[in-house]
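Trainee: no sequence on this one, just coordinates:
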């Protein structure tokens, strides 16, 4: 991993078209500005991780569960 | 073609049921070919990995329990599926369902919707930009209140 030290209002450029700036530092929180083309998705890492973890949990759902689920669903839906 | 599936064993599927996810599903990025199967009964579906019989996701149309649901995904993500935000006829929207041992606590992932272009048979799991949608919405609870409460 490349590690760079930056101060407030300094930035780094990635791939000529993505600029990441340090806007503010307060205690243990850093405010980061990201200037990237619109087709570059930017999300907090924990969002990705939450969806990955949820998919893994979903994949463990038992295969024969649908019948009982469906009965429950019909009851609830009346 | 014949397909070995997690819910039904070996079945025959039609080509039109095959959906390519060129980025895979988050956490399963290397698995790109799936088949969309009707579950034995409404309103569930299965997204079955073609090459991995053991891997299948239960899907639900989120509108059924959250009539107010809109995926709110980036239009560039949609463009990669050759979709525009208004392409309702071509676009299928699903949520992946997680069923724990207590089935009444089954949840749907509204934050990571599965979007499919049914004409091109390509799909992608996207990330909603609307922070109202979480990875776990309790289907039965929200069905009872029909979109009243947030998760």
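Mentor: Yep, it's here. The structure presented is a predicted model; accordingly, all values stated were derived computationally and were not measured.
Trainee: read off the pLDDT value for residue B:142.
Mentor: At residue B:142, the model reports a pLDDT of 89.
Trainee: wait, doesn't it sit right on residue B:66?
Mentor: Yes: using CB atoms under 8 Å, residue B:142 makes contact with residue B:66 at a distance of 5.9 Å. Quick note: C-beta positions are derived from backbone N, CA and C, even for glycine.
Trainee: residues in contact with residue A:24?
Mentor: Residue A:24 makes contacts with A:8, A:30-31, as judged by CB atoms under 8 Å, 6 or more residues apart in numbering or on different chains.
Trainee: now do 10 Å
Mentor: A:8-9, A:30-33 (CB atoms under 10 Å, 6 or more residues apart in numbering or on different chains).
Trainee: between the residues you listed, which is nearest residue A:56?
Mentor: residue A:32 (28.5 Å; CB to CB).
Trainee: what packs against the helix or strand hosting the closest one?
Mentor: Assigned by DSSP states H and E, residue A:32 belongs to strand A:29-35. Applying 3 or more CB pairs under 10 Å, 6 or more residues apart in numbering or on different chains; DSSP states H and E, we find strand A:29-35 packed against strand A:11-14, strand A:18-26.
Trainee: for residue 19, which non-adjacent residue is spatially closest?
Mentor: As the question left the chain open, I've gone with chain A. Spatial nearest neighbour of residue A:19, excluding adjacent residues (CB to CB, 6 or more residues apart in numbering or on different chains): residue A:35 at 4.2 Å.
Trainee: sorry, should have said chain B
Mentor: Nearest non-adjacent residue to residue B:19 (CB to CB, 6+ apart): residue B:123, at 4.7 Å.
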